[in-house]
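[1] Sequence and predicted structure below; questions after.
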Amino acid sequence: MESRVLSGAATISGLVRLRKPVRDTVYFAPSRPIGAVGEGGNLIWGRQLRPALILESYPVIGVTTGKREILRPTMASTSSPAEGSDSAGDAKVGFFDKYPALVTGFFFFMWYFLNVIFNILNKKIYNYFPYPYFVSVIHLLVGVVYCLISWAAGLPKRAPIDSNLLKLLIPVAVCHALGHVTSNVSFAAVAVSFTHTVKALEPFFNAAASQFILGQSIPITLWLSLAPVVLGVSMASLTELSFNWTGFISAMISNISFTYRSIYSKKAMTDMDSTNVYAYISIIALIVCIPPAAIVEGPQLLKHGFSDAIAKVGLTKFVSDLFWVGMFYHLYNQLATNTLERVAPLTHAVGNVLKRVFVIGFSILVFGNKISTQTGIGTAIAIAGVAMYSFIKAKMEEEKRQLKSA
């Protein structure tokens, strides 16, 4: 009898010891769906199940550690499919994640497409409305309205800006405005293909500014890769049928302006997303562009500019052309930024070179510009030089990044 009592007491004390919480145990649940909850796994419509629910549904295995840890859902259970279930245990892979290469290709296609359409429509407008200062304002105005509507809809949510960030962005926006206006002056004065050929010199100005203004050492290989660019632009300029000094000098000023924009952009590095930064730059650039447009072209526009354009194409086409060219300008710049965020710098650099080839080629086809053999060869040499420079520079930046992360 006494032995039975002792045996029972031992049993009861054993049960008590079993029920006593153990502080040094981590519990793992098997990685199969939980039958008691919709056959769905540990995540149901984005909500994490309580650890107690998992423990009630499965036996546990104790593993001794130095501290008590919280049970977390296993990756296998969140991803294992459930038969006949509509829960989050099913494969919830979005289209963007499932086909990243296809999506990136679409970004490149839209970037090229919008850029080509912008350049063609922009030149067509200048053929009947040769007022580049005013058209530059329209480009920025349409983009700013687009940004304001996007902010109002919360797509994206407007990021707050303080006085310190504003001071950093103003130089960037001023250079952006000057480069944009002078580019359009060149587009209005000469063939689109020639302007883009001259703008291929932008890497040369970037390298010169880095070397002589920022004091950065530029490797000899980069300087050598720029030699074909200078040679090609020189060859193309000497025999360009649409050449005039206004177009050439304006394109060169545009190169210098965008070079300084790059310099100030490095000083204005911020945690703000690129969409909001570009929106703020567009707003400031618009404010900068309005006074010179009013001074330089205002009297002519009021006297005969608007009336002549409306007489040639009609009010509806005139207004719609201005709206769409502004929309294409903003969207292709935004897509260029979004594409850069999706690919490596080298891929983006090569894509940028190919974009210039597409623009030059399509502009020649659409407008039927006659080019001499020397101009064609010079343009090809310049583009090849830009491609070589972009490849070497992107490769060097990638190596620097790997050294920093190592």
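    Happy to help now that I have it.

[2] quick one, what contacts N127?
    N127 makes no contacts at all, as judged by CB atoms under 8 Å, 6 or more residues apart in numbering. In short, each C-beta sits where N, CA and C put it, glycine included.

[3] and it, what helix or strand is that in?
    Using DSSP states H and E, the element containing N127 is helix 100-128.

[4] Return the distance of that helix from the chain's centre.
    Centroid displacement of helix 100-128 relative to its chain, using CA atoms, centre = their mean, to the nearest Å, is 15 Å.

[5] Over to stretch 212-230?
    Distance, centroid of stretch 212-230 to centroid of chain: 26 Å (CA atoms, centre = their mean).

[6] Count the neighbours of A153 for me.
    Neighbour count for A153, taken as other CB atoms under 10 Å: 9.

[7] follow-up on the earlier one: show the subsequent helix or strand relative to the helix holding N127.
    Scanning forward in sequence from helix 100-128 by DSSP H and E, the next helix or strand is helix 132-153.

[8] neighbouring contacts of that following helix?
    In contact with helix 132-153 (CB under 8 Å, 6+ apart) are residues 122, 125-126, 129, 156-158, 177, 180-181, 184-185, 187-188, 279, 282-283, 285-286, 289-290, 292-293, 296-297, 301, 305, 322-323, 325-327, 329-330, 333.

[9] List the buried residues in whichever helix in the chain runs longest.
    If you go by DSSP state H, the chain has its longest helix at helix 373-405. For helix 373-405, a neighbour-count test (16 or more other CB atoms under 10 Å) marks 375-376, 378-390, 392-394 as buried.

[10] and F248, what element?
    Counting by DSSP H and E, the element that carries F248 is helix 245-267.

[11] The helix or strand just after that helix - contacts with which helices or strands?
    Moving toward the C-terminus from helix 245-267, the next helix or strand (DSSP H and E) is helix 274-300. On a contact count with 3 or more CB pairs under 8 Å, 6 or more residues apart in numbering; DSSP states H and E, helix 274-300 meets helix 132-153, helix 163-189, helix 315-342.

[12] tell me, which of those helices is the model least confident about?
    Among these, helix 315-342 has the lowest mean pLDDT, at a mean of 90.

[13] can you give me the mean pLDDT across whatever helix or strand comes next after that helix?
    Going down the chain from helix 315-342, the next helix or strand is helix 345-367, by DSSP H and E. In this model, helix 345-367 has a mean pLDDT of 80.

[14] Pull the residues that contact helix 345-367.
    Contacts of helix 345-367 with the rest of the structure, by CB under 8 Å, 6+ apart, involve 108, 111-112, 115-116, 119-120, 123, 191-193, 196-197, 199-200, 336, 339-340, 343, 369, 371, 379, 383, 386-387, 390-391, 393-395, 397-398.

[15] what angle separates it from helix 315-342?
    Here the directions of helix 345-367 and helix 315-342 differ by 160 degrees (axes from the mean of the first three to the mean of the last three CA atoms, to 10 degrees).

[16] out of the helices and strands packed on helix 274-300, nearest to V233?
    helix 163-189 (13.2 Å; CB to CB).

[17] from the middle of its chain, how far away would that closest one be?
    What separates the centre of helix 163-189 from the centre of its chain is 18 Å, taken as CA atoms, centre = their mean.

[18] For the remainder of this discussion, apply numbering that starts at 763.
    Yes, from this point I'll number from 763; that puts the last item at helix 925-951.

[19] So which elements touch that helix?
    Against helix 925-951 (3+ CB pairs under 8 Å, 6+ apart) you get helix 862-890, helix 894-915, helix 954-961, helix 1007-1029, helix 1036-1062.

[20] try 10 Å
    Counting contacts by 3 or more CB pairs under 10 Å, 6 or more residues apart in numbering; DSSP states H and E, helix 925-951 packs against helix 862-890, helix 894-915, helix 954-961, helix 1007-1029, helix 1036-1062, helix 1077-1104.

[21] Put together CSV for these, with distance to I1122 on each row.
    Converted to CSV, the helices and strands packed on helix 925-951 look like this (distance: least, CB to CB, whole Å):
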stretch, distance to I1122
helix 862-890, 9
helix 894-915, 20
helix 954-961, 4
helix 1007-1029, 13
helix 1036-1062, 25
helix 1077-1104, 16
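
[22] most tightly surrounded among these?
    Among the helices and strands packed on helix 925-951, helix 954-961 has the highest mean neighbour count (mean count of other CB atoms under 10 Å), at a mean of 25.
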